[in-house]
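Participant: Would you be able to build a 3D model of this:
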Amino acid sequence: MAVNIDTVYQRVLALANKEQRGYITPQEFNLLANHAQMDIFEQYFYDLNQFDRGEGNDLEYSDMVNILEEKISVFEKFKVAMSAMSGNQATLPTDTYRLGTVFYAAGSYDVEVEKVGKKELEYMLRTSLAAPVDARPVYVRKSDTLLKIFPSSPSTSYTTSNITCNYIAKPAVVKWTYNVVNDNALYNASASDAQNFELHQSEEGELVYKILELAGITLNKPGLVQLAGTEDLQKVQNEKL
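Facilitator: This next block holds a predicted model:
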């Protein structure tokens, strides 16, 4: 279940207006909300790496690795076709954030396309025994969005239907949409460009505190930074009880 953007905005406003600490406009909120979402999302991968070094536990609902994998799982995509193919050059799906396994349907089954470095590829292409073949293809990363696949001329030409990949998708850009009624911005959930947070529902509180902190820094409202820090500390203490 996603996090409702209006719920987050109303909580942010309620805390920001507490003791006249300032008003955050919808435009400011949308900018800060997307920044906060990406900060939290990116932190998942660092935390997963950190907790994966430990022994974990056998409790069903409190193992941190399992919790993080659950939060990431909604963004996992499996065997999605490339956006475009030109010869042996593949364009990744537009929402790719972290690339996983690349596959080539060479016949009745898919084979993994191994990632190699450009220097390693040069050596492979010079040695017939190590050269990429249909049953053992490789790729190099040409840019953030482009891959080069080898052999460059396979027996079955590369197409968007036979080159696929697993990847982590980037969260959609969130937007609090509204109508102006009597000079007040009222939430409009039915707008075509309305978008809730895609993060796990447990991140609602973290989003509120992160947005308040960013608002205090970006909008030069130090009171908000202090408020966000106090609320976040209280949340951490409650979790330890």
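Participant: Quick one: list the elements packing against the longest strand along the chain.
Facilitator: Ranked by residue count and defined by DSSP state E, the top strand of the chain is strand 96-105. Applying 3 or more C-beta pairs under 8 Å, 6 or more residues apart in numbering; DSSP states H and E, we find strand 96-105 packed against strand 110-115, strand 146-150, strand 163-169. Backbone N, C-alpha and C define where each C-beta goes, glycine included.
Participant: how about these in TSV, adding distance to Ala135?
Facilitator: As requested, the helices and strands packed on strand 96-105 are exported to TSV (distance: least, C-beta to C-beta, whole Å):
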stretch	distance to Ala135
strand 110-115	6
strand 146-150	13
strand 163-169	15
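Participant: Save those strands as CSV, and put in mean neighbour count too.
Facilitator: Formatted as CSV, these follow (neighbours: other C-beta atoms under 10 Å):
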stretch, mean neighbour count
strand 110-115, 16
strand 146-150, 19
strand 163-169, 20
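Participant: now these as CSV including mean pLDDT and distance to Asn184?
Facilitator: CSV is the format used below for the helices and strands packed on strand 96-105 (pLDDT from 0 to 100; distance: least, C-beta to C-beta, whole Å):
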stretch, mean pLDDT, distance to Asn184
strand 110-115, 96, 53
strand 146-150, 98, 47
strand 163-169, 97, 35
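Participant: I'd like to know which of the ones you listed is closest to Gly100.
Facilitator: For the helices and strands packed on strand 96-105, distance to Gly100 was read as C-beta to C-beta. The smallest value, 3.6 Å, belongs to strand 163-169.
Participant: Moving C-terminal from that closest one, which element do we reach first?
Facilitator: strand 178-181 (DSSP states H and E).
Participant: Name every strand pairing with the helix or strand following that next one and say which way it goes.
Facilitator: Toward the C-terminal end, the helix or strand that comes next after strand 178-181 (DSSP H and E) is strand 184-187. Sheet pairing of strand 184-187 (DSSP bridges) gives strand 178-181 (antiparallel).
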